[in-house]
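Chemist: Coordinates only, no sequence provided:
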């Protein structure tokens, strides 16, 4: 009788992937990145282990959004105190921190458990073409 072999943490191999955000739609780019970070494309994927790869995003300031999301999409932050609700549009956040909308979108697409912070630690976002991981990327 043959049994299915379970994946062990020592068997996980990590690769490096580069995504160019130039001209890509934010949500579609974020879903591709989330899949790679989780490792769902691997044949030995298991939900309870961190199976994903490293992801480098370049040209993060040149992604696009459809419709009127630059003016109408709101990001909220609530301090918990009366009058502590702060809201900014996507356009305002893009001017302040260009990488933040990509990071926020990917964060929301990852599983809401203890692995999420470990997965996000392997995401590196850069505004231009230059990044310090050129030697690691295939």
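Modeler: Received, thanks. Because the structure is a prediction, the values reported are computed rather than measured.

Chemist: And the residue lying farthest from the centre of the chain, how far from residue 137?
Modeler: The centre of the chain is farthest from one residue, residue 1, which by CA atoms, centre = their mean lies 41.4 Å away. Distance, residue 1 to residue 137, by CB to CB, to the nearest Å: 43 Å. (Each C-beta comes from the backbone N, C-alpha and C, glycine too.)

Chemist: my read is residue 86 is in a strand, agree?
Modeler: Yes - per DSSP: H, G, I helix; E, B strand; the rest coil, residue 86 lies within a strand segment.

Chemist: where's the one residue sitting closest to the centre of the chain relative to residue 114, distance?
Modeler: By CA atoms, centre = their mean, the chain has its centre lying nearest to residue 106, at 3.3 Å. According to CB to CB, residue 106 and residue 114 sit 17 Å apart.

Chemist: try residue 84
Modeler: 28 Å.

Chemist: and if you look at residue 16?
Modeler: In terms of CB to CB, residue 16 sits 24 Å off from residue 114.

Chemist: Compare those two and say which is more crowded by neighbours.
Modeler: Taking other CB atoms under 10 Å, residue 16 and residue 114 do not tie; residue 16 has more neighbours (16 against 9).

Chemist: Break down the protein into its helices, ranges please.
Modeler: Remark: helices assigned in the chain by DSSP state H are 26-38, 69-72, 90-96, 100-109, 116-120.

Chemist: Kindly reformat the ones you listed as a markdown table containing mean pLDDT and distance to residue 59.
Modeler: As requested, the helices of the chain are exported to a markdown table (pLDDT from 0 to 100; distance: least, CB to CB, whole Å):
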| stretch | mean pLDDT | distance to residue 59 |
| --- | --- | --- |
| helix 26-38 | 97 | 11 |
| helix 69-72 | 96 | 17 |
| helix 90-96 | 96 | 13 |
| helix 100-109 | 97 | 11 |
| helix 116-120 | 96 | 20 |
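
Chemist: possible to save the ones you listed as TSV with distance to residue 46?
Modeler: Below are these laid out as TSV (distance: least, CB to CB, whole Å):
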stretch	distance to residue 46
helix 26-38	11
helix 69-72	35
helix 90-96	35
helix 100-109	19
helix 116-120	14
